[in-house]
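Visitor: mind looking at a prediction? Sequence and model below.
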There are 2 protein chains.
Amino acid sequence: MPEFFNVLPPDEARTLLLSHLTAVLPPQTIATEEALGRVTAVPITAPHPLPAFRRSTMDGYAVKAADTYGASASLPAFLQVVGEVAMGHPAAITLQTGQAALVHTGGMIPETADAVVQVEHTQVVSNQLSVTSNQSPVSSPQSPPFPYEIEILKAVAVGQNVLQVGEDVAEQAEILPAGRLLRPQDLGGLLALGIIEVSVSRRPRVAILATGDEVVPPDQWAGPGQIRDINSATVAGLVRQAGGVPVLGGIIPDDFDALQTAARDALDSADMLVMSAGSSVSARDMTVQVIEGLGQPGVLLHGVATRPGKPTIVGAVGPKPAIGLPGNPVSAMVQFDMFGVPAIYHLQGMRTMPKRGLVWARLAQNIASESGREDYVPARLADGDEGLTAVPVFGKSNLIYTLVNADGLIKVPLNKGGLLAGEWVEVRLF
Amino acid sequence: MPEFFNVLPPDEARTLLLSHLTAVLPPQTIATEEALGRVTAVPITAPHPLPAFRRSTMDGYAVKAADTYGASASLPAFLQVVGEVAMGHPAAITLQTGQAALVHTGGMIPETADAVVQVEHTQVVSNQLSVTSNQSPVSSPQSPPFPYEIEILKAVAVGQNVLQVGEDVAEQAEILPAGRLLRPQDLGGLLALGIIEVSVSRRPRVAILATGDEVVPPDQWAGPGQIRDINSATVAGLVRQAGGVPVLGGIIPDDFDALQTAARDALDSADMLVMSAGSSVSARDMTVQVIEGLGQPGVLLHGVATRPGKPTIVGAVGPKPAIGLPGNPVSAMVQFDMFGVPAIYHLQGMRTMPKRGLVWARLAQNIASESGREDYVPARLADGDEGLTAVPVFGKSNLIYTLVNADGLIKVPLNKGGLLAGEWVEVRLF
């Protein structure tokens, strides 16, 4: 065990862990449509500009802007509409000075046009018709046959109401860096460029072992002295939410050889090991010895300056994180969120963690703490007259229902002795 | 179309839509382990108290508290340790006055004990041994054979360091109401009680149709005047994140009969219809007519006081929501998030939406807006010396990469004419 076998503040502890995770999981190519929540393995560049042609942002008329200069409602410019650019078709019309082409929102602009006058600023004047503005030039039954004449009631500048080639993305621009978590709009952005496959990091496989002679599987009757395994399911849920694949290794008795063998087997076929140890000193000691025995660097620190969860064991075996969680369900969840979740993202190549969702709320009751320790207190959010109220859900860290009944965690900062009722506090949403 | 064919503020518009969605989707029973992100269909009660037996929260000795009264380091109480409660076993030891039992964290307390003295506050005195405190009584090789004598260095009160029966959950308590989104800790809470199956609402099937003569599938070459379908993938991603099942209906040409038929077929086999219409006035009019033709109540409102996305069409066909999104990808995403996502949760029986993740950041540039309109401006978050900075990503709502390059949306409230650089603003995380 290294010399710095001590209690570190959570941020330092996390940095230390991540600094040992030097390898990114190998990439795999998958359909972009299926890539939600995955992480890009390589930077992606635009194969062509977007849009690839000049598009109108309005229903109206493509014009040469110079033909409209000085036009106003009292002194309109007159243009001849020579045709229509149909949606989905090239703009094959060539405009001469004094001519315009009917275009629709999203439609292509003729090469000889440089602006669009929106239909609301025009009026049809030829053929005894005077179509009122603010109507679609297409669906309107009054649309006259081409050519017809319009009044331009307002001048446009060059480029007005036109989306230029490459205005969204330039050709060869890097659209996504490596290590980017893919969200719905990112899939849209890739597909807009015809990128239907994407190289992403493999999902991390996270082996989860529960230990303890008192722990039985959830589908079994728990007799006197026995409790059902809670932490495997809770940790598995957090693993899934972070894009990992939980691999449940079951419940191992409090026996060093059994635990060592199970841990070694589990880690061999996984990218990360999580052991939810018992909460007794002896159970924790055994977890330390097991992780130490798996390989270098072994246990990096044994203890984090937080409550709940101080006796968390943070280690690594080669490039694989190995984490020993306290057996108490509240501690286990808070600590896995603090170390396991960042590690899962990190293994996928993310070097910046997703921003945490927070809400601000007014604290309903005092919270005591100790300076030098970061506390996380489960809290329920209630809507009140003055905005949200955060009601602490106090309870020993053995009580899973303090988390079930909470919407998030109030963080009491490291060097603050507590929080006062009425203060505005940050609640980190689950 | 109802008379209130007008532009409503977003909150009123959403309330109007949800008020028409009266039916909750039918329940199905699934394994609790697989229920992450699903919504409970019925209230769930505890079949037994949790914990089901009195447990120790410390490594130490189960005692009769009265035997320790007045004890201190200078005047310890002496107790005889008569045995050990092994983890996972009933506490079969009967304590007489003056006796104690060795217990471990999480272990059962003998019926005749009413408190636990933590090991750090004890000292073994018999048999010439004086084990120092702060060591495990189990793993320590110095642990003497039973019976042995200990000094109690600090008194305990009745119940101290003991988790009472039902302290986490009382028998028959409602542990989860109907309509609750299941999170990792909720699965743990259910399994702790042996509830290995759970009744949840069926996942809503959301039919997604893209329309527009200019729209081609993402795997096709987009020629002049053509663009690839972005919105189907973006909306599908949001549907998945909210627990729904996207059913992609492909791209329908701008033809009323084709669109009507496709919409009817799609809605028949789905719980919700989303049409991503073109952005021209005629395309929007056609969407209105199609939704009107599908059944009552039809279009509920045509227009929301927001930017982007004002021309959103919100309707219902019987109990099924039918939403017409603007074709612009930014508008489509913002509007689907505003109406489609709450509708998906609502169909699953949730009557309170999940709290949105927000962060506060200092605005880097002025944002102009208009009173009476709620604006959503994509923003990138940057870490600065004074905390987070929100940098608006300006761009026309046709530009999907304004969303790809953003971390969230800045909300400009309905009755605020804009926001000033340097203000603290709420950024709603994607």
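Guide: That came through, no problem.
Visitor: domain parsing for chain A?
Guide: Per automatic domain parsing, the structural domains of chain A span A:10-26+A:202-347, A:33-49+A:173-199, A:55-163, A:358-429.
Visitor: now these as TSV including distance to chain B and mean neighbour count?
Guide: Every C-beta, even on glycine, is put in place using the N, C-alpha and C of the backbone. Listed next are the domains of chain A as TSV, based on distance: least, C-beta to the nearest C-beta, whole Å; neighbours: other C-beta atoms under 10 Å in any protein chain shown:
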stretch	distance to chain B	mean neighbour count
domain A:10-26+A:202-347	3	22
domain A:33-49+A:173-199	3	21
domain A:55-163	4	19
domain A:358-429	4	18
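Visitor: B:Val425: which of the ones you listed is closest?
Guide: With distances scored as C-beta to C-beta, the stretch of the domains of chain A nearest to B:Val425 is domain A:358-429 (12.7 Å).
Visitor: for B:Val245, which of the domains of chain A is the nearest?
Guide: Nearest of the domains of chain A (C-beta to C-beta): domain A:33-49+A:173-199, 13.2 Å.
Visitor: end to end, how far does the closest one reach?
Guide: End-to-end distance of domain A:33-49+A:173-199: 12 Å, with C-alpha to C-alpha, to the nearest Å as the criterion.
Visitor: cool, and stretch A:210-224?
Guide: With C-alpha to C-alpha applied, stretch A:210-224 spans 19 Å between its terminal residues.
Visitor: what would the domains of chain A look like in CSV with distance to B:Glu214 and mean pLDDT?
Guide: Shown next, in CSV, are those (distance: least, C-beta to C-beta, whole Å; pLDDT from 0 to 100):
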stretch, distance to B:Glu214, mean pLDDT
domain A:10-26+A:202-347, 35, 94
domain A:33-49+A:173-199, 13, 97
domain A:55-163, 4, 88
domain A:358-429, 40, 91
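Visitor: for B:Val247, find the nearest of those.
Guide: Nearest to B:Val247, of all those, is domain A:33-49+A:173-199, at 13.0 Å by C-beta to C-beta.
Visitor: that closest one: how far from the chain's middle?
Guide: From the chain centre to the centre of domain A:33-49+A:173-199 is a distance of 14 Å (C-alpha atoms, centre = their mean, to the nearest Å).
Visitor: check stretch A:306-318 too.
Guide: Centre to centre, stretch against its chain (C-alpha atoms, centre = their mean), the figure for stretch A:306-318 is 26 Å.
Visitor: and stretch A:369-384, by the same measure?
Guide: Distance of stretch A:369-384 from the chain centroid (C-alpha atoms, centre = their mean) equals 25 Å.
Visitor: surely A:Val158 and A:Asp67 touch.
Guide: No - A:Val158 is beyond contact range of A:Asp67, at 11.3 Å (criterion: C-beta atoms under 8 Å).
Visitor: which residue does chain A have closest to chain B?
Guide: Residue nearest to chain B within chain A (C-beta to the nearest C-beta): A:Gly357, separated by 1.9 Å.
Visitor: can you pull the contacts of that residue?
Guide: A:Arg428, A:Leu429, B:Lys355, B:Arg356, B:Gly357, B:Leu358, B:Val359, B:Leu429 (C-beta atoms under 8 Å, 6 or more residues apart in numbering or on different chains).
Visitor: got JSON lines for the residues you listed, with distance to A:Gly250 too?
Guide: Output for the contacts of A:Gly357, formatted as JSON lines (distance: C-beta to C-beta, whole Å):
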{"residue": "A:Arg428", "distance to A:Gly250": "31"}
{"residue": "A:Leu429", "distance to A:Gly250": "31"}
{"residue": "B:Lys355", "distance to A:Gly250": "35"}
{"residue": "B:Arg356", "distance to A:Gly250": "38"}
{"residue": "B:Gly357", "distance to A:Gly250": "34"}
{"residue": "B:Leu358", "distance to A:Gly250": "40"}
{"residue": "B:Val359", "distance to A:Gly250": "39"}
{"residue": "B:Leu429", "distance to A:Gly250": "36"}
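Visitor: A:Tyr376: which of those is nearest?
Guide: Checking the contacts of A:Gly357 against A:Tyr376 by C-beta to C-beta gives A:Arg428 as the nearest, at 7.9 Å.
Visitor: parallel or antiparallel, which strands does the lengthiest strand in chain A pair with?
Guide: Ordering each strand of chain A by length in residues (DSSP state E) puts strand A:374-384 first. Paired with strand A:374-384 in the same sheet, following DSSP bridges, are strand A:306-307 (parallel), strand A:387-392 (antiparallel), strand A:408-412 (antiparallel).
Visitor: just the helices from the stretch 301-430 of chain A, written as ranges.
Guide: Using DSSP state H, counting those that start in this stretch, the helices of the stretch 301-430 of chain A run over A:329-335, A:341-347, A:401-404.
Visitor: with distance to B:Gln226 added, can I get those helices in CSV?
Guide: Output for the helices of the stretch 301-430 of chain A, formatted as CSV (distance: least, C-beta to C-beta, whole Å):
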stretch, distance to B:Gln226
helix A:329-335, 50
helix A:341-347, 37
helix A:401-404, 51
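Visitor: secondary structure element for A:Ile291?
Guide: Assigned by DSSP states H and E, A:Ile291 belongs to helix A:281-294.
Visitor: could you say what helices and strands that helix packs with?
Guide: With contacts taken as 3 or more C-beta pairs under 8 Å, 6 or more residues apart in numbering or on different chains; DSSP states H and E, helix A:281-294 sits against strand A:205-211, helix A:256-268, strand A:272-276, strand A:297-302, strand A:313-317, strand A:320-325.
Visitor: dump these to a markdown table, plus distance to B:Arg264.
Guide: Converted to a markdown table, those look like this (distance: least, C-beta to C-beta, whole Å):
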| stretch | distance to B:Arg264 |
| --- | --- |
| strand A:205-211 | 45 |
| helix A:256-268 | 52 |
| strand A:272-276 | 49 |
| strand A:297-302 | 61 |
| strand A:313-317 | 57 |
| strand A:320-325 | 52 |
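Visitor: so which of these gets nearest A:Ser371?
Guide: Closest to A:Ser371 of these is strand A:297-302 (C-beta to C-beta; 20.4 Å).
Visitor: helices or strands next to the closest one in the packing?
Guide: Applying 3+ C-beta pairs under 8 Å, 6+ apart, we find strand A:297-302 packed against helix A:10-19, helix A:281-294, strand A:313-317.
Visitor: with just CA atoms, put the longest one into PDB.
Guide: Same thing as helix A:281-294. Provided in PDB are the C-alpha atoms of helix A:281-294 (Å, rounded to 0.1, in the frame of the first residue of the first chain):
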ATOM      1  CA  VAL A 281     -13.700  -2.900  10.200                       C
ATOM      2  CA  SER A 282     -12.700  -6.400   9.400                       C
ATOM      3  CA  ALA A 283     -14.700  -6.500   6.200                       C
ATOM      4  CA  ARG A 284     -13.100  -3.300   5.100                       C
ATOM      5  CA  ASP A 285      -9.700  -4.600   5.900                       C
ATOM      6  CA  MET A 286     -10.400  -7.700   3.800                       C
ATOM      7  CA  THR A 287     -11.400  -5.500   0.900                       C
ATOM      8  CA  VAL A 288      -8.100  -3.600   1.100                       C
ATOM      9  CA  GLN A 289      -6.100  -6.800   1.200                       C
ATOM     10  CA  VAL A 290      -8.000  -8.200  -1.800                       C
ATOM     11  CA  ILE A 291      -7.500  -5.100  -3.900                       C
ATOM     12  CA  GLU A 292      -3.800  -5.000  -2.900                       C
ATOM     13  CA  GLY A 293      -3.500  -8.600  -4.000                       C
ATOM     14  CA  LEU A 294      -4.900  -8.100  -7.500                       C
END
